[in-house]
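Novice: A structural model of the following input is requested.
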Amino acid sequence: MENKVILVCGARPNFMKVAMVLEEMRRFPEDFSPLLVHTGQHYDYELSGAFFRDLSLPEPDVYLGVGSGNHGEQTGKIMIEFERVVEKERPTLIIVVGDVNSTLAAAIVASKLLIPLAHVEAGLRSFDRTMPEEINRTVTDLLSDYCFTTEEDGNLNLEREGVDGSRIHLVGDVMVDCLMKTREKAEDSKILKDLHLEEEGYAVLTLHRPSNVDSKETLSRILEALEVVGERIQIIFPAHPRTKKRLKNFGLAPQNVIVKDPFGYIDFIRLEEKAEFVLTDSGSIQQETAVFGVPCLTLRENTERPFTIERGTNTLVGTGKDRIVEESLRILDGGGKSGEVHLLWDGKASQRIVKVLKGTQP
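Specialist: Numbers count the residues shown, from 1 in each chain. Modelled structure (predicted):
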């Protein structure tokens, strides 16, 4: 097929981004023949499959099934398997999203095989090289022919790193496209009723980053803070299986926290939108809460999304007990941030991406 485009996903935070670009491309069958490749980096089908159903994503055309492993092992497996797919399909373009190991692995393969590469969500920087995600997104941007940024900070970061301006395209955030598309559908979610929750009568917690969940000391500090906060408000914690495993291995039992299995995308954004506030170490959730106008406390020392702090609803609180408790109580006492929505968070980022790729927009 001419104009064959491979879109790569592998981890749940990236499914919604791929979904929006894929949907827009399919409006132009004369220009694009998209092929969806799922690397299987997040290998639990019940977790990833729920996202596919909620987002109306088709079954992947290719499933690599690489599974878990350390960074080098997982990245290497993806490169080996993905290279075989690319050599067979010979696409005219490869699209990667976000900053997970699948992103970096596919980018390297594209570059080695001289296939043009597009990176959706380019230019994000935490300036913390101890984060694997920082390495992934920085290298991917340097290899990309198209760097699609979410806001002006991304453009500036890329320019400072020497990326040619002709490769940089400010398009907005495809994740916001997904939120806007599914927001009405989420209104029909029964998750609040099922969990016996009242709007703005609870907080939501997510934890998944290795720096937080792989350290018993850090995880213990966070849980100690949540035990205090949980005396004032219910905390709902949809815990990833890996995080649950760490809790069990460390012998830690969250107190005043309601631990649940992960929710599907629709149910989760409903929980998120109606929460009093959210505690998280996720980059995507910092962005989502800014769109919803829900206060967000980020349990990290830095963020690749400074806009969510400067003009959004996000506050960096680190992992110290006292600061987490202080900022949580500030919100409960009426001091939460309201923020604003970026001009380009209008639900049309995927349209702008496809226009660039069609050559109808500079």
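Novice: Could I get the full set of helices for the stretch 51-200 of the chain?
Specialist: 71-89, 101-112, 132-143, 152-160, 174-186, 191-194 (DSSP state H, counting those that start in this stretch).
Novice: Out of those, which one sits most buried?
Specialist: Per residue and on average, the most neighbours among the helices of the stretch 51-200 of the chain fall to helix 101-112, with a mean of 25 (mean count of other CB atoms under 10 Å). C-beta here means a position set from N, CA and C on the backbone, and glycine is covered the same way.
Novice: re the thing from before, adding mean pLDDT and distance to I353, write the helices of the stretch 51-200 of the chain out as a markdown table.
Specialist: A markdown table is the format used below for the helices of the stretch 51-200 of the chain (pLDDT from 0 to 100; distance: least, CB to CB, whole Å):
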| stretch | mean pLDDT | distance to I353 |
| --- | --- | --- |
| helix 71-89 | 95 | 21 |
| helix 101-112 | 97 | 16 |
| helix 132-143 | 96 | 15 |
| helix 152-160 | 96 | 14 |
| helix 174-186 | 91 | 7 |
| helix 191-194 | 97 | 31 |
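Novice: Could you check how far stretch 321-334 is from the centre of its chain?
Specialist: Relative to the centre of its chain, stretch 321-334 is centred 25 Å away, using CA atoms, centre = their mean, to the nearest Å.
Novice: Show residues contacting that stretch.
Specialist: Identification of contacts with stretch 321-334 by CB atoms under 8 Å, 6 or more residues apart in numbering yields 203, 221-222, 224-226, 228-229, 232-233, 276-277, 279, 295, 297, 299, 315, 317-318, 336.
Novice: ok, R84 to R90 distance?
Specialist: Distance of R84 to R90, given as CB to CB, to the nearest Å: 12 Å.
Novice: Then M79?
Specialist: From M79 to R90 the distance is 17 Å (CB to CB).
Novice: Equivalent analysis for E276, please.
Specialist: Taken as CB to CB, the span from E276 to R90 is 52 Å.
Novice: of the two, who's got more company?
Specialist: Taking neighbours as other CB atoms under 10 Å, E276 and R90 compare with E276 leading, 20 against 11.
Novice: Hmm, that one is touching R232, no?
Specialist: No: using CB atoms under 8 Å, E276 is not in contact with R232, being 9.8 Å away.
Novice: that older thread, with distance to P29 added, can I get the helices of the stretch 51-200 of the chain in CSV?
Specialist: Below are these laid out as CSV (distance: least, CB to CB, whole Å):
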stretch, distance to P29
helix 71-89, 17
helix 101-112, 23
helix 132-143, 28
helix 152-160, 30
helix 174-186, 20
helix 191-194, 36
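Novice: Could you point out which of those sits nearest N212?
Specialist: Closest approach to N212 among the helices of the stretch 51-200 of the chain (CB to CB): helix 132-143, 13.3 Å.
Novice: and of the helices of the stretch 51-200 of the chain, who's closest to V8?
Specialist: Comparing the helices of the stretch 51-200 of the chain by CB to CB, helix 101-112 comes nearest, at 4.4 Å.
Novice: Helix, strand, or coil at the closest residue to E301 other than its chain neighbours?
Specialist: For E301, ignoring the flanking residues on the chain, the nearest one in space by CB to CB, 6 or more residues apart in numbering is G318 at 5.4 Å. Following DSSP: H, G, I helix; E, B strand; the rest coil, the label given to G318 is coil.
Novice: show me the contacts for Q287.
Specialist: 150, 173, 175-176, 305, 308, 312.
Novice: 7 Å instead, please
Specialist: 173, 175, 305, 308 (CB atoms under 7 Å, 6 or more residues apart in numbering).
Novice: ok, and it, which helix or strand is that part of?
Specialist: Using DSSP states H and E, Q287 sits in helix 283-292.
Novice: The helix or strand just after that helix - contacts with which helices or strands?
Specialist: Counting by DSSP H and E, the next helix or strand C-terminal to helix 283-292 is strand 296-298. Judged by 3 or more CB pairs under 7 Å, 6 or more residues apart in numbering; DSSP states H and E, the packing partners of strand 296-298 are strand 277-280, helix 283-292, strand 314-316, helix 321-330.
Novice: Please name whichever of these is nearest to S350.
Specialist: Nearest of these (CB to CB): helix 283-292, 15.3 Å.
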